[in-house]
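**Q** Output the structure for:
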Amino acid sequence: MKDAKRLNRLIVVRERMLSVRRSELAQASAALVQAQDAAVRVGAALEHSVHALAHVEEMLPEDLALRASTVREAVEGVRRAEAVCVERTTEREAQAVRAFEAKRDVRVLEELELRLSKVERREEARREQATTDETAARTRGNV
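**A** Sure, this is the predicted structure:
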């Protein structure tokens, strides 16, 4: 009986850990979506800057240099955004692995609990049978 109680407590703890891992996975997924959205916005800004630079008829050299620096900054922004996306993807994958492991731990413990309860039921049935046999033997002996 002590084993069953310990196992039940352990399952409760592991289920809490699973809940935490799932929450962390959800947060990592949300961060990834935000990073991807930011990358799309930065990409659109780059496209706009390139379009503005490419479709200029007459421009002063200073304006041309300013627009070229805007394009250069936009390219750097795209690189940074892509790096953040890669980082968030890696983080999300790591969280997914942790969540999977937590789920597996809970399932293993639940299977152990199931097996333990089967063993305990068999032992209880054996004890009941032994008691019944003993009672029957005493009854026969008294008759």
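**Q** Can you pull out the low-pLDDT segments for this protein?
**A** For the chain, applying pLDDT under 70 flags the ranges 1, 59, 142-143.
**Q** Try it again at 50.
**A** Along the chain, no part satisfies pLDDT under 50.
**Q** Quick one: residues in contact with stretch 111-131.
**A** The list of residues contacting stretch 111-131 from outside it, by Cβ atoms under 8 Å, 6 or more residues apart in numbering, reads 1, 3, 4, 7, 8, 11. In this view, the C-beta of every residue, glycine as well, is placed from N, C-alpha and C.
**Q** Those residues, buried ones only, as a ChimeraX selection?
**A** Under the burial definition 16 or more other Cβ atoms under 10 Å, those of the contacts of stretch 111-131 that qualify are selected in ChimeraX by:
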select :7,11
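**Q** Which members of the contacts of stretch 111-131 occur in strands, if any?
**A** Among the contacts of stretch 111-131, the subset assigned to strands under DSSP state E is empty.
**Q** so can I have a markdown table of the contacts of stretch 111-131 showing distance to residue 109?
**A** A markdown table is the format used below for these (distance: Cβ to Cβ, whole Å):
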| residue | distance to residue 109 |
| --- | --- |
| 1 | 17 |
| 3 | 12 |
| 4 | 12 |
| 7 | 6 |
| 8 | 9 |
| 11 | 5 |
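**Q** how close does the residue lying closest to residue 109 once chain neighbours are set aside sit to residue 65?
**A** Excluding the flanking residues, the one nearest residue 109 by Cβ to Cβ, 6 or more residues apart in numbering is residue 11, at 4.8 Å. As judged by Cβ to Cβ, to the nearest Å, residue 11 and residue 65 stand 67 Å apart.
**Q** Select the longest helix from the protein.
**A** helix 61-142 (DSSP state H).
**Q** chain center to stretch 50-64: distance?
**A** Averaged C-alpha coordinates place stretch 50-64 at 48 Å from its chain's average position (Cα atoms, centre = their mean, to the nearest Å).
**Q** neighbours around residue 91, how many?
**A** By the criterion of other Cβ atoms under 10 Å, residue 91 has 18 neighbours.
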